[in-house]
Every structure is written in C-alpha cells, then in structure tokens.
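1. Need coordinates for the below:
(chains A and B)
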Amino acid sequence: MWLGLFLVGPLCLMLAISFRGYQAGVGILPTWEVGHYARFLGDPFYRGILWNTLALGLQVTVWSLVLGYPLAYALSGLRGVRRSLLYFAILLPLLTSAVVRTFGWMILLSNNGFINQSLQALGLTDAPVRMMYHMSGVVIALVEVLLPFMVLAIDAALLNVDPALGEAARNLGAGSIRTFLAVTLPLSVPGVLSGSVLVFTLAISAFVTPSLIGGPKIKVMPTLVYEQGVSLLNWPFGAAIAFVMLFVILALFTATFRVTNRGAA
Amino acid sequence: MSASGAVLWLVNGIIVLYLLAPIVVVVATAFTTTAYPVFPPRGFTLKWFAKFMATEEFRSGMRLSFVLALASTAVAVALGTLTALALARYRVRALAALSAFVLSPILFPGIVLGLALLIYFHQTGLAGSFWSLAAAHAVLTTPFVIRMVMASLGELDPSLEEAARNLGAGWWGTFFLVTLPLIRPGVLAGAIFAFIISFDELVITLFIAGPKLTTLPIRIFTYVEYASDPTISAISTTLIAVWIAVGVPVYTRFLGVRHR
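-> Numbers count the residues shown, from 1 in each chain, chains lettered A, B, ... in the order given. Below you'll find the predicted structure:
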C-alpha cells in the first residue's frame, strides 16, 4: 500500500510526464510526444553524457573489483576477533555518509592537497596533477565510496565455499595459487557478478560524488537529471533521462539474471 | 604460503588505508588551526566544534534532521514490522517476487525516485511539506526494517505463538506479549538503521525539500559546494562519532546473530 502510494504512483506519473511536451517559459504542455527521448539519444552532446556515465560505471566497477577481491579474500579467511576488526574497517565507511567522505576526498585531491604535495615531494611530478573537477578524481572517490558493497558481496560468496574443497585440491597436489585459480575463483563468480552489478548500478546513479568532485564541467546522467528537474524545471526531459537510466539498470539486471540461471542449470 | 601471505597482507593494508583515507582526513582536519581544512592538520584547536554549535544554520538543520528522522523511523518501524510479519506468516503465493518488490527501494536510484516524488508531490499539492519529506524517507528506510525484522522472525519458534493462542490470547495480545518482545532486537536494529539513513539522506531530500526545509545534509552539501571550512570537518566528525557509538553495537549484535 505504502510503496504503491509513494513508489509506484510517482513512477507512473513520471513515465507519463516524460512523454509530455515542454516549452521553456511556458512549462509542461498538454501534448504527447517522444521528443525528449529522441533528443537525449539523438543529440551528440547528450549521447556523450550517456557514454560518459557508462564509462564511469565501468571504470568504477573494474577498480572496485580489483581492490575489493583481495580484501574480500582475506576477510573470508579470517575468524573471530580479527574478522570482526577488518569487517568493522570495511563497514565504517558505510556508516559515514557519501557527502562526508566526498568532502574528505576534496581535501585530499585538490591541487595543493595531500596527494599532490606527496607526489611533488617524492619528485614524481613537477606540476600538480589535476584530480579535482576532473573525471579521474570522480573515479578515485567513487571507487572508495562503493568499495564496501563489492567486498561484502564477494565475502558472502566466499563464505559459502566449502573449505574442504580447497583442502582436497591441495591434497591432490595443487599449489595455493593453482587451488585459488581452479577452485576458489570459479566458485566466487556469483559474488563477483552480484557485487559488480550492484556497484555499476550505484555508480551510474551516484549524484553526490560526481557533482562535488566533478563540479559543473563534468556531466553525468544523475547530475543532468538534477539540473533539468530542479534548476531548469524541465520535468519531461529530466524524467526521460531518468527512465533511460532505469532502462540501462533493468537491462543489466535481466542479463545477469539470465547468465546466473544458465550457469545454475 | 608465507611469502604470498605477506604480499596479500601488504596489499590489503594499502586497500584498507585507501578505504579509510577520507574519514581520517575529515576527522584530522576538524582540529586544524588553519582557516581552511589542510591535511596533515596544523596545531590543535576545538574552535571549529564551537563554531558548529554556535551557528544557527547548522543547529536548525540538525534539529530538523533529528525530528524528520524520528518521524520517518516511527512510520518505517510500524509499517516494516507489520509487512515482515505478513511476509513471514502467510504463505503468500509468489512470496519471492513480493519480497523483492517490498525490498526494492534499497537498490532504487535515489536520483530517479527524487525526481518522481518531486513531480508527484507537486501534482498532489503536498510539495515542500514536512510530512511529504517524512513519507519519502520512510519509503527509503522501511525495507531495512523489514530485513532486520525478518531475520529476527526467522529465529522465532512458532510454537511459542501457538501456545499463547491456545492459552486464550487474541492476535494483539499474542503480538504485544509474545512476538514483539522476542523480535525486539530486530526491530531495534531496523529502527537504528532507518534513523541513520534518514538523518544522512541527501539526494531525495534535495529534490523535494523546498526552500524552507533545510536539513543538515543539505546545509553541508551546499556549504561544501562553495566553500571549504573546517567547520564541516567538525560536524562530520561529530556525526561519525555518534554513528559509531550507536551503529557498531547494532552491527556486531546483528552479525553475531547471523554468524551463529
């Protein structure tokens, strides 16, 4: 009931609005059209934003996989107090809001911030490396913001792997690296998949980090939705962009679901 | 084993450092004596905490966020507990699909829901009111309550409720005297999660709050956009400390339950 009233209802209304006409200065017109979708998908400027967003999602997903897997692997191997401590270190960022963590990154990434000063002190670079108001900074911060989700997903999958399987492989003469590649890694694929889908979804719909670190020059779909919806009040166009985003996410979920089901059957 | 183990530890040490870096920076810069946040901080002062407490903008934002989180949590706990009971009790057909639907706001992009609710509240004339904001937050937090309560219900022995019924207790009597006390840890954990999420919520609030309802996260966000000031570090540090004090016992307790 509650969800129907405040989730399904608003979404249906927004779907309807996304097909309405709009004229600057006048507002929403009582006409029906598909022009907003055509404009977003047809105009090279907006198509660039779509590709930017997908590229950001992909980069963030790959990096959190690279950084998240070793951490999840270590976490799943620990027991008792040591596991709790590491678990706490991974959960602590989740208890802190994205705004606060992004603020921390803004201090670190600025041209005279800690990272650039360290790089210059080490002689690795002469001029400061631009990370604030740049895509690289958005990626660095967003990976950190979303990494816990990846670690928790892979950890959950690794915990389900029977340790006896690894022992069996070792008893049969496989080294620890071979055991990992032939036994542990394939069995953790469901966790890797669900973690990747989760992180990609959250990355392409993230608003706070791209808007604060990217600034006005870096445009991704969520900042565009906000700009159209709140600053320009062009709700039909904003709604159309939001639905393109939802469509991408739904397509991703469906594809993953198909793949996992085929794997199970 | 030992060589590859050492490498794994070193790599993971760096990753954990990366994960905790912004939090360390925010906490450290809250004590700097410079007029802007620098890391590593210089000197030690508590004046930024004093400034936070003395600034009316931040105080009113905190009051609003607190009342809002309280209101939306009350709604979320009531609805979430009842939904969890229904999902656990009645063998609803297509239960999996229903659970997925009920839990869907967890994954739903806030930016999409924000715009949808903005349009919706405008068309229904509820825009910019406190209760529309509380309702929106409750949509977001109810799934977490449902999760926690369902985890508690999974461990509940159904024969206890049957016994209460056989002894003549009605539905409400059974619920308040038997079920609720037994699932209280789950309800409490759900309530605390709901409170924290609502207090920290920014994206949906930015869309629907309107000019009169400026919550603390909105204050912080607009402040950070245009200025860099250690006061923000001080506010963030205070929030981090409170959430650790409140959240960690819940996490450990909840995880303790799940690992046994």
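2. And the residue of chain B closest to chain A?
-> Nearest residue of chain B to chain A, counting by CB to the nearest CB: B:Pro22, 2.7 Å away. Just so you know, the C-beta spots here come from the backbone N, C-alpha and C atoms, and that holds for glycine as well.
3. which residues touch the residue in chain A that chain B sits nearest to?
-> Nearest to chain B in chain A, going by CB to the nearest CB, is A:Gly104, at a distance of 2.7 Å. Listed by CB atoms under 8 Å, 6 or more residues apart in numbering or on different chains, the contact partners of A:Gly104 are B:Ala21, B:Pro22, B:Ile23, B:Val24, B:Val25, B:Val26, B:Ser236.
4. number of nearby residues for residue 229?
-> Assuming you mean chain A. 25 (other CB atoms under 10 Å in any protein chain shown).
5. wrong chain, I was asking about chain B
-> Going by other CB under 10 Å, the residues that sit close to B:Asp229 add up to 17.
6. ok, it touching B:Pro37?
-> Yes: between B:Asp229 and B:Pro37 there is a contact under CB atoms under 8 Å: 7.3 Å.
7. List the contacts of B:Phe175.
-> B:Leu85.
8. Would you check how far apart it and B:Ile183 are?
-> 10 Å (CB to CB, to the nearest Å).
9. do the same with B:Pro41
-> In terms of CB to CB, B:Pro41 sits 45 Å off from B:Ile183.
10. Next: B:Leu79.
-> 15 Å.
11. more neighbours, these two?
-> Neighbour count, other CB under 10 Å: between B:Leu79 and B:Ile183, B:Ile183 has more, with 25 against 20.
12. Now do the same contact list for that one.
-> Per CB under 8 Å, 6+ apart, neighbours of B:Ile183: B:Thr81, B:Val149, B:Ser152, B:Leu153, B:Leu156.
13. excluding its backbone neighbours, what's nearest it?
-> Of all residues not flanking B:Ile183 in the chain, B:Ser152 sits nearest, at 4.1 Å (CB to CB, 6 or more residues apart in numbering or on different chains).
14. Pull up the per-residue confidence for the one you found.
-> On the pLDDT scale, B:Ser152 is placed at 83.
15. what's the helix or strand for it?
-> helix B:130-154 (DSSP states H and E).
16. ok, then the element right after that helix?
-> Counting by DSSP H and E, what follows helix B:130-154 is helix B:158-166.
17. could you dump that next one to CSV, C-alpha only?
-> Extracted as CSV, the C-alpha positions of helix B:158-166 are listed here (Å, rounded to 0.1, in the frame of the first residue of the first chain):
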residue,chain,number,x,y,z
PRO,B,158,6.3,-20.5,16.0
SER,B,159,5.2,-22.9,18.8
LEU,B,160,5.5,-20.0,21.3
GLU,B,161,2.8,-18.1,19.5
GLU,B,162,0.6,-21.1,19.2
ALA,B,163,1.0,-21.7,22.9
ALA,B,164,-0.1,-18.1,23.6
ARG,B,165,-3.1,-18.5,21.3
ASN,B,166,-4.0,-21.8,23.0
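18. Mind checking what helix or strand follows it in sequence?
-> helix B:171-174.
19. right, and the helix or strand after that next one?
-> Assigned by DSSP H and E, the successor of helix B:171-174 is helix B:180-200.
20. ok and that next one relative to helix B:130-154, angle-wise?
-> 140 degrees (axes from the mean of the first three to the mean of the last three CA atoms, to 10 degrees).
21. and the following helix or strand past helix B:180-200, what other elements does it pack with?
-> Under the assignment DSSP H and E, the closest C-terminal helix or strand after helix B:180-200 is helix B:203-208. Counting contacts by 3 or more CB pairs under 8 Å, 6 or more residues apart in numbering or on different chains; DSSP states H and E, helix B:203-208 packs against helix B:110-124, helix B:130-154, helix B:216-226.
22. The residue lying closest to A:Val220 once chain neighbours are set aside: what's it in contact with?
-> Counting by CB to CB, 6+ apart, A:Val220 lies nearest to A:Thr53, which is 4.5 Å off, once chain neighbours are set aside. Contact analysis of A:Thr53 by CB under 8 Å, 6+ apart lists A:Ile204, A:Val220, A:Met221, A:Pro222, A:Met245.
23. So, low pLDDT: which residues of the stretch 151-260 of chain B?
-> Within the stretch 151-260 of chain B, the segments meeting pLDDT under 70 span B:251-260.
24. Quick one: name the residues of it near chain A.
-> B:196, B:200, B:202-203, B:206-207, B:217, B:220-221, B:224-225, B:228, B:232-233, B:236, B:239-240, B:243-244, B:247-248, B:251-252, B:255 (CB under 8 Å from any CB of the partner chain).
25. Could you rerun that using 6 Å?
-> B:Asp200, B:Leu202, B:Val203, B:Pro217, B:Ile220, B:Phe221, B:Val224, B:Ile232, B:Ser236, B:Ile240, B:Trp243, B:Gly247 (CB under 6 Å from any CB of the partner chain).
26. Make TSV out of those residues and add distance to B:Ala191 and neighbour count.
-> Output for those, formatted as TSV (distance: CB to CB, whole Å; neighbours: other CB atoms under 10 Å in any protein chain shown):
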residue	distance to B:Ala191	neighbour count
B:Asp200	15	22
B:Leu202	21	21
B:Val203	22	25
B:Pro217	20	24
B:Ile220	24	23
B:Phe221	26	22
B:Val224	29	19
B:Ile232	28	27
B:Ser236	23	26
B:Ile240	20	20
B:Trp243	14	21
B:Gly247	12	20
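27. what two of those are the furthest from one another?
-> Maximum pairwise distance in these, criterion CB to CB, is 23.0 Å, between B:Val224 and B:Gly247.
28. quick one on the thing from earlier: which of the contacts of A:Gly104 are buried, as a ChimeraX select command?
-> Buried residues among these (16 or more other CB atoms under 10 Å in any protein chain shown), as a ChimeraX selection:
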select /B:21,22,23,25,26,236
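29. out of the contacts of A:Gly104, who's nearest B:Ile119?
-> So of these, ranked by how close each gets to B:Ile119 (CB to CB), first place is B:Ser236, at 32.1 Å.
30. Can you name every helix or strand that the helix or strand encompassing the closest one contacts?
-> If you go by DSSP H and E, B:Ser236 is part of helix B:230-259. Packing partners of helix B:230-259 (3 or more CB pairs under 6 Å, 6 or more residues apart in numbering or on different chains; DSSP states H and E): helix B:2-29, helix B:47-54, helix B:180-200.
31. Let's see that with 10 Å instead.
-> helix A:80-95, helix A:98-109, helix B:2-29, helix B:47-54, helix B:56-89, helix B:130-154, helix B:180-200, helix B:216-226 (3 or more CB pairs under 10 Å, 6 or more residues apart in numbering or on different chains; DSSP states H and E).
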